[in-house]
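Asks: The sequence and its predicted three-dimensional model are supplied below.
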Amino acid sequence: MSDPAASDRSVARAIDALRRGWAVEVIASDGRLRLLAVESADAHNLAAFDPDSDADLLISAARAQTLHLANQREAAEPEAPVLVQRERWIDAAGAMALADPVQDLATPLKGPYRALPLPRPEAARAALRLARQAGILPAYFVARGEPACEASVAADAIQTYDGGARLHIATRARLPVSTAENSEIVAFRTPGDPREHIALIIGDRDGSVPVVRLHSECLTGDVLGSLKCDCGPQLHAAMHRIAEGGWGVLLYLRQEGRGIGLINKLRAYALQDQGFDTVDANVRLGFSIDARDFSVAAQMLKLLSIPQVRLLTNNPAKVAGLEAEGIGVTERLPLAIAANPHNARYLDTKRDRTGHQL
Ligand SMILES: Nc1nc2c(ncn2[C@@H]2O[C@H](COP(=O)(O)OP(=O)(O)OP(=O)(O)O)[C@@H](O)[C@H]2O)c(=O)[nH]1
Ligand SMILES: [Zn+2]
């Protein structure tokens, strides 16, 4: 598809369809797959999609490995697709138990499952990517027949999908906050993504390079005061640091759960309750360790006419993400928060496994 807007539109429609439990067709150079997301399947839509109960299941290699389906060549790469033969006893709930590692303790695995050769790997890979973009578990029923599909999308469109294209400032207003009475909120909108990012500009622009914080949304930490992470205290510490420096900007990015969405983050928490760390939990669910794209933050800074920043972060990926998009990071300012018994392991894992520095 040559028109980027039309291409993004087809992906947006497919994402919407998946979340609603509607069938989607993914078309690649190696063929087409007709798919129903396991997460949004129920007896009703599954019967319409798969009247003969012979649809196979597509899952991530990470999940296949947990299910001991190790006979897949691609199993070394956790996000790769694996096709599993659907046994007749696997209904919608059974498929969810197969797809969702959180249920493993409550629903001892029935198995054995049988992996099948993957006839259309390019289409399958694109389909799993699409599920991750939709914030649902990367797991599908794959029709053998030709059920009607609500949306049809090309693998190339999924690959190049840019939900953040055409970001613009939608509105701005004064917003006195407890940390800084002299603040202004700026709201951003993009047609392809319902997530509305915001910037809080603290103080008056004075020509100096501003202190900037990129904060990824964390409902549990920011709003509920969760002790499992450091987000809430980091958010407030950052606002104080910016206010002390005279002027600066907090970018509040709606990238919940490092970009996998709230529900999948809570699934990761359930796996952490079972002993997995934050990195392994993401991978076990079939996601990458960090699914965020910091280029949206760079776009926001450009729209605010801020070419250079002093960045409050321990995460080198944020520095690299801004610099890759042409924002100068003149200084990195660490943002350390005292650990508590609930988040000590999380903070250690960030340091040891995701390259966070202090
Ligand atoms: N998937 C997942 N996300 C988590 C977990 N704990 C916290 N998060 C999310 O991680 C993100 C943390 O965001 P930030 O504090 O901005 O980023 P950071 O990578 O920690 O980097 P700095 O704080 O800047 O050093 C938020 O989106 C949280 O919702 C977890 O266990 N799993
Ligand atoms: Zn958090």
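Replies: Looks like it came in fine. Residues are numbered from 1 along each chain as shown. Ligands and ions are numbered 1, 2, ... in the order given.
Asks: Can you give me the pLDDT of the closest residue to residue 77 other than its chain neighbours?
Replies: If the residues on either side of it in the chain are set aside, residue 77 comes closest to residue 61, at 6.1 Å by Cβ to Cβ, 6 or more residues apart in numbering. Glycine gets a C-beta too; all of them are placed from N, C-alpha and C. pLDDT, residue 61: 93.
Asks: Give me the distance between residue 61 and ligand 1.
Replies: With the distance defined as Cβ to the nearest ligand atom, to the nearest Å, residue 61 ends up 19 Å from ligand 1.
Asks: Then residue 30?
Replies: 31 Å.
Asks: Can you spell out the domain ranges of the chain, please?
Replies: 4-160, 168-255+292-354 (the TED database).
Asks: shouldn't the residue nearest to residue 77 be in contact with residue 83?
Replies: No: between residue 61 and residue 83 there is no contact under Cβ atoms under 8 Å: 10.9 Å.
Asks: Get me the contact residues on this structure for ligand 1.
Replies: 215-218, 229, 231, 234, 255-258, 260, 265, 268, 278, 282, 313-315, 318, 335, 356 (Cβ under 6 Å from any ligand atom).
Asks: Kindly identify which of these also come near ligand 2.
Replies: 218, 229, 231 (Cβ under 5 Å from the ion).
Asks: which ones among those residues are found in helices?
Replies: Counting by DSSP state H, the part of those found in helices is residue 231.
Asks: tell me what the helix or strand where residue 213 lies is packed against?
Replies: Assigned by DSSP states H and E, residue 213 belongs to strand 211-216. Strand 211-216 is packed against helix 231-244, strand 248-253, strand 308-312, with contacts defined by 3 or more Cβ pairs under 8 Å, 6 or more residues apart in numbering; DSSP states H and E.
Asks: mean confidence for that strand?
Replies: Mean pLDDT, computed over strand 211-216, is 98.
Asks: One more: stretch 45-55?
Replies: Averaged across stretch 45-55, pLDDT comes to 95.
Asks: mind checking the end-to-end distance for it?
Replies: 13 Å (Cα to Cα, to the nearest Å).
Asks: Just give me how far it sits from the chain centre.
Replies: When C-alpha coordinates are averaged (Cα atoms, centre = their mean, to the nearest Å), stretch 45-55 and its chain have centres 29 Å apart.
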